[in-house]
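# Mind looking at a prediction? Sequence and model below.
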Amino acid sequence: MSAEQQAVTSFLKKNANDPESYEPVRWSKPLVWTQEDENKLQVPALLDSSRRMKEKEALMYDLAKNAAERGFPDAKKYSAEWEAFSNKRIAVLKAAKELQEKKDTTAVGKILIHAFRAKNKMGALVLDSAQFVVFKNGQVKVI
């Protein structure tokens, strides 16, 4: 059993509903996992975060605009808060774009697909599979 397979096996046994029921079925050949691959996983989360932030930004803008139109004393404060939040959202978008464009082929681990049997929460023995990334430091992540 390879080091990557041992790391995944330990991870599954540590996180399984019934560790004793774990039974390996099939392993794929481990492939190199690069920093670019890792970055590609982060981009959708950053874009989703930006979309959620945009909704709040629109509400903050409306509040600042209405407060200014009505001459409220806190109008400048609302405007400053909106501007700061807007800048944060722009920073998130920039980070996503930078990650998309970054071409870093540094190997950070290995990815492999593993099929296995284990008991689920209901106690039924089921066949499952997942993609696992095993980083050089031994950390395992399910993707």
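Right, received. Where do you want to start? For clarity, every value in this text was computed on a predicted model and none was experimentally measured.
# other SSEs contacting the longest helix anywhere in the chain?
In terms of residue count, the longest helix belonging to the chain (DSSP state H) is helix 35-69. Contacts defined by 3 or more C-beta pairs under 8 Å, 6 or more residues apart in numbering; DSSP states H and E place helix 35-69 against helix 75-101, strand 107-119. Every residue, glycine included, has its C-beta placed from N, CA and C.
# try it again with 10 Å
When contacts are defined as 3 or more C-beta pairs under 10 Å, 6 or more residues apart in numbering; DSSP states H and E, helix 35-69 sits against helix 75-101, strand 107-119, strand 125-135.
# Can you tell me the closest non-neighbouring residue to the spatially most central residue of the chain?
Here the mean C-alpha position of the chain is nearest to the C-alpha of Gln42 (C-alpha atoms, centre = their mean), at a distance of 5.3 Å. With C-beta to C-beta, 6 or more residues apart in numbering as the measure, Leu99 is the residue that lies nearest to Gln42, at 5.8 Å, once sequence neighbours are left out.
# so that neighbour touches Asp37, yeah?
No: Leu99 is not in contact with Asp37 according to C-beta atoms under 10 Å; the separation is 11.2 Å.
# quick one: contacts for the residue nearest to Gln42?
Going by C-beta atoms under 10 Å, 6 or more residues apart in numbering, Leu99 touches 35-36, 38-43, 46.
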